[in-house]
Structures are given as structure tokens and as C-alpha cells.
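Chemist: Prediction below, plus the sequence it came from.
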Amino acid sequence: MQSQKPFFDDLARVASGALGALSGLRAEMEAMIRQQFERFTASLDMVPKEEFEVVRAMAIKAREENEALAARVAALEAAFVAAPPAKTKAAPKPKA
């Protein structure tokens with residue numbers, strides 16, 4: 001049994017080294033994939049999320065203001081139609 005112990009120790013060290021190398025390779029592959037993805041998205045000229053959210057908020061505010069103004073115009077039109085026309089006095093003719 002004594003002769004097999006160094007064998008298993010060596011095998012454990014080799015396996016540990018292989019796992020360390022694989023984890024390093026995995027990190028390097030992830031970095032390469034991330035870099036390729038960033039290069040791809042940069043070539044698409046995509047808008048960052050922060051800018052998109054700002055423009056979206058502006059559009060929502062503009063839509064709300066437009067709806068409020070449309071309601072105000074409708075109310076003014078209804079008041080104008082419902083009100084009887086006001087009689088105006090004819091301006092007196094100037095004497096010559």
C-alpha cells in the first residue's frame with residue numbers, strides 16, 4: 001500500500017494543475033467572447049440603456065402633455081359651441 005500513496009498524490013497534483021489550467025482557459029475564453037460581443041454591438045451603433053430610458057421618459061411626458069392639451073382644446077371648443085354668440089354694438093360712424 002505504501003507504494004500506491006505517492007502515485008495517488010502525484011495524480012491529485014496533476015488533476016489539480018489541470019483544473020487550474022482549465023479555469024484559466026475558461027476565464028480567457030469568457031474575456032474573448034465578451035470582447036467580441038462588445039465589438040459586435042459597437043458596430044451596430046446601438047443606444048446605451050441610460051440614453052434610451054431618458055428619451056423614453058421624454059416621450060411619455062410629451063404624450064401626457066399632448067393629451068392634456070387635447071382635453072383642454074376639446075373643453076374650449078365645447079364651451080365655444082355651447083355659448084350663444086355675443087351681440088356686439090355697431091361702432092358709431094364718425095361724423096364728418
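Modeler: Happy to help now that I have it.

Chemist: S23: helix or strand, and which one exactly?
Modeler: helix 4-43 (DSSP states H and E).

Chemist: cool, A59 as well?
Modeler: A59 is located in helix 49-82, with elements delineated by DSSP H and E.

Chemist: Summarise which helices and strands that helix is packed against.
Modeler: In terms of contacts (3 or more Cβ pairs under 8 Å, 6 or more residues apart in numbering; DSSP states H and E), helix 49-82 is packed against no helix or strand at all. Using the backbone N, CA and C atoms, a C-beta is placed for each residue, glycine as well.

Chemist: That helix - what's its average pLDDT?
Modeler: Averaging pLDDT along helix 49-82 yields 96.

Chemist: and A79, how far is that from R72?
Modeler: Using Cβ to Cβ, to the nearest Å, one gets 11 Å for the distance from A79 to R72.

Chemist: for Q35, same thing?
Modeler: Distance, Q35 to R72, using Cβ to Cβ: 54 Å.

Chemist: do P94 as well
Modeler: P94 is 41 Å from R72, by Cβ to Cβ.

Chemist: Break the chain into its domains for me.
Modeler: 7-46, 47-81 (automatic domain parsing).

Chemist: Could I get the ones you listed in JSON lines, plus columns for mean neighbour count?
Modeler: Formatted as JSON lines, the domains of the chain follow (neighbours: other Cβ atoms under 10 Å):
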{"stretch": "domain 7-46", "mean neighbour count": "10"}
{"stretch": "domain 47-81", "mean neighbour count": "10"}
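
Chemist: Just say helix, strand or coil for K95.
Modeler: Classification of K95 by DSSP: H, G, I helix; E, B strand; the rest coil places it in coil.

Chemist: what's the burial count for it?
Modeler: By the criterion of other Cβ atoms under 10 Å, K95 has 4 neighbours.

Chemist: One more: P6?
Modeler: Neighbouring residues of P6 were enumerated by other Cβ under 10 Å; the total is 9.

Chemist: And it, how close does it get to M58?
Modeler: Note on P6: its distance to M58, by Cβ to Cβ, is 72 Å.

Chemist: Same check on F52?
Modeler: Distance from F52 to M58, counting by Cβ to Cβ: 11 Å.

Chemist: Perfect, that will be all.
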